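Peer 1: the sequence isn't on hand, but the structure is:
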């Protein structure tokens, strides 16, 4: 059994959000010191390598490409493949240019909430609030990133916005159409405007259907003829940089990155104006992640697409997003322009997330100050009173447990909007 082994093999334990990764890495180091054991740590996260490794072995297509001490491999890589891996890691540095977006509102949500009701074995009702008071809007051609730990409500928000589930409260508009309370029959003529790129293309593509049939299905469901749907499939498979012959093959005949390109093409085949990207790169290696991100950006620039981009990796989110929302336990905690959020984070939870982002530089990693959150995320079945983050917040005061903070715009000079849900956001700035 695993617990009987003296030395442990750790295979991709920390591919989730980095606030979860830090305690796990610290625990592994502590156990290693106590037991005097060796650790073989398998990961595609070069920042985690800089955090935990002593020596590094780089592999490519079943071959050992490079091996050596951590500092040597990460700071002065000898092989081109290692250099390419490091170059593909997104940086927390701001992108070269900021975009000005003046297009129409593609999607608007106001105080959207979702509460699930269930019954225990004695028939007593229980409620579980998965999302509350979510407010945001997206302009045509904009990308809004959503980040947060597992269970923070990211996917629930996305599913409410595109009406895969019915919200319990709030208003949602797709363009000029109010859709929050529409039944499925009324929604159907509007559904081609919104699509999803899922996290795992292995599960979202039907293995018994050719790629062509999978791409054609959506367009035909929305009234296209078979011939028109086939033309769309041919067009979009080329736009995602795959040959037309790929339409005749099955999903298992492609690599993971190619399958995700097929998932993107399938979402585009209905000619949507708004796309939810639900952690579309988390199952991919770092070099393939960069290719998919670049593809999404190219398609957005060419066709004016609007993205809601859900991810765990804050460096990736900064790279692709115009604005970023931070979520925790079903609540939006902060929403701002990408540069403002990273350079002037006002919520303690946002600060903890940013401090946890691994950097593939062993020198920087050794000197960084980290905010390690204590405890686990509370159960949404029994959330804390007042501010839901106060049980883990290093700055919590008595007021935080008694009073729910307001969702406030605290934009500084030069900022458009900077929303935060914290009683002491202004007082904490600079601390």
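Peer 2: Yep, it's here. What you see is a predicted model, and the numbers here were worked out from it, not measured in a lab.

Peer 1: tell me the strands in the stretch 251-400 of the chain, going along the chain?
Peer 2: 274-278, 306-310, 323-328, 331-337 (DSSP state E, counting those that start in this stretch).

Peer 1: would you list the ones you listed in CSV and tack on distance to residue 287?
Peer 2: Quick note: C-beta positions are derived from backbone N, CA and C, even for glycine. As requested, these are exported to CSV (distance: least, Cβ to Cβ, whole Å):
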stretch, distance to residue 287
strand 274-278, 19
strand 306-310, 19
strand 323-328, 24
strand 331-337, 29
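
Peer 1: out of the ones you listed, which is closest to residue 149?
Peer 2: The minimum distance between residue 149 and these falls on strand 323-328, with 7.1 Å, by Cβ to Cβ.

Peer 1: give me the sheet partners of that closest one and which way each runs.
Peer 2: Sheet pairing for strand 323-328, assigned by DSSP bridges, gives strand 143-147 (parallel), strand 331-337 (antiparallel).

Peer 1: residues in contact with that strand?
Peer 2: With Cβ atoms under 8 Å, 6 or more residues apart in numbering as the test, strand 323-328 has contacts from 136, 142, 144-149, 152-154, 157, 317-318, 332-338, 341, 347, 349-350, 353, 377, 388-389.

Peer 1: at 7 Å instead, please
Peer 2: The contact list for strand 323-328 (Cβ atoms under 7 Å, 6 or more residues apart in numbering) reads 136, 144-148, 152-154, 317, 332-338, 341, 347, 349-350, 353, 388-389.

Peer 1: identify the residues contacting residue 423.
Peer 2: If you count contacts by Cβ under 7 Å, 6+ apart, then residue 423 has 399-400, 405 around it.

Peer 1: got a ChimeraX select line for the buried ones in the residues you listed?
Peer 2: The ChimeraX command for the buried members of the contacts of residue 423 (criterion: 16 or more other Cβ atoms under 10 Å) is given here:
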select :400,405
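
Peer 1: could you point out which element follows the strand or helix carrying residue 41?
Peer 2: Secondary structure assignment for residue 41, by DSSP states H and E: strand 39-42. The helix or strand immediately downstream of strand 39-42 is helix 46-52, counting by DSSP H and E.

Peer 1: what about the helices in the stretch 251-400 of the chain?
Peer 2: In the stretch 251-400 of the chain, the helices defined using DSSP state H, counting those that start in this stretch lie at 256-268, 286-303, 314-320, 338-343, 348-355, 362-367, 398-402.

Peer 1: residue 406 and residue 422: what is the separation?
Peer 2: Plainly put, residue 406 is 9 Å away from residue 422 if you go by Cβ to Cβ, to the nearest Å.

Peer 1: neighbour count winner among those two?
Peer 2: Legend: neighbour count by other Cβ atoms under 10 Å for residue 406 and residue 422, higher for residue 422 (25 against 9).

Peer 1: who are the neighbours in contact with the spatially most central residue of the chain?
Peer 2: With distances taken as Cα atoms, centre = their mean, the residue of the chain nearest its centroid is residue 311 (0.8 Å). If a contact means Cβ under 7 Å, 6+ apart, then residue 311 has 145, 147, 279, 282, 317 as its contacts.

Peer 1: ok, now with 6 Å
Peer 2: Each residue near residue 311 by Cβ atoms under 6 Å, 6 or more residues apart in numbering is listed here: 279, 317.

Peer 1: show me where pLDDT drops low in the chain?
Peer 2: Scanning the chain with the threshold set as pLDDT under 70 gives 1-21, 94-98, 430.

Peer 1: residue with max distance from the center of it?
Peer 2: In the chain, the residue that sits farthest from the middle, by Cα atoms, centre = their mean, is residue 122; the gap is 38.3 Å.

Peer 1: that one should be in a strand, yeah?
Peer 2: No - Residue 122 is assigned coil when assessed by DSSP: H, G, I helix; E, B strand; the rest coil, not a strand.

Peer 1: and it, how far from residue 329?
Peer 2: 27 Å.

Peer 1: check contacts around the residue nearest to residue 90 when sequence neighbours are not counted.
Peer 2: Leaving aside its sequence neighbours, residue 90 sits nearest to residue 315 (Cβ to Cβ, 6 or more residues apart in numbering; 3.8 Å). For residue 315, the contacting residues are 90, 92, 357, by Cβ under 6 Å, 6+ apart.

Peer 1: of those residues, closest to residue 189?
Peer 2: residue 90 (38.6 Å).

Peer 1: number of nearby residues for the closest one?
Peer 2: Burial of residue 90 is recorded as 19 neighbouring residues (other Cβ under 10 Å).

Peer 1: that one - that's part of a strand, no?
Peer 2: No - using three-state DSSP, the assignment for residue 90 is coil, not a strand.

Peer 1: still on that earlier bit, let's have the strands paired with strand 323-328 in TSV, adding mean neighbour count.
Peer 2: Output for the strands paired with strand 323-328, formatted as TSV (neighbours: other Cβ atoms under 10 Å):
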stretch	mean neighbour count
strand 143-147	25
strand 331-337	25
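
Peer 1: output the ones you listed in a markdown table, with distance to residue 426 appended to each entry.
Peer 2: Output for the strands paired with strand 323-328, formatted as a markdown table (distance: least, Cβ to Cβ, whole Å):
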| stretch | distance to residue 426 |
| --- | --- |
| strand 143-147 | 23 |
| strand 331-337 | 13 |
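
Peer 1: what helix or strand is residue 219 located in?
Peer 2: Going by DSSP H and E, residue 219 is in helix 211-221.

Peer 1: contacts for the helix or strand that that helix is followed by, please.
Peer 2: Downstream of helix 211-221, the next assigned helix or strand under DSSP H and E is helix 226-239. Contacts to helix 226-239, defined as Cβ under 6 Å, 6+ apart, come from residues 212, 215-216, 219-220, 244, 246-247, 265, 268-269.
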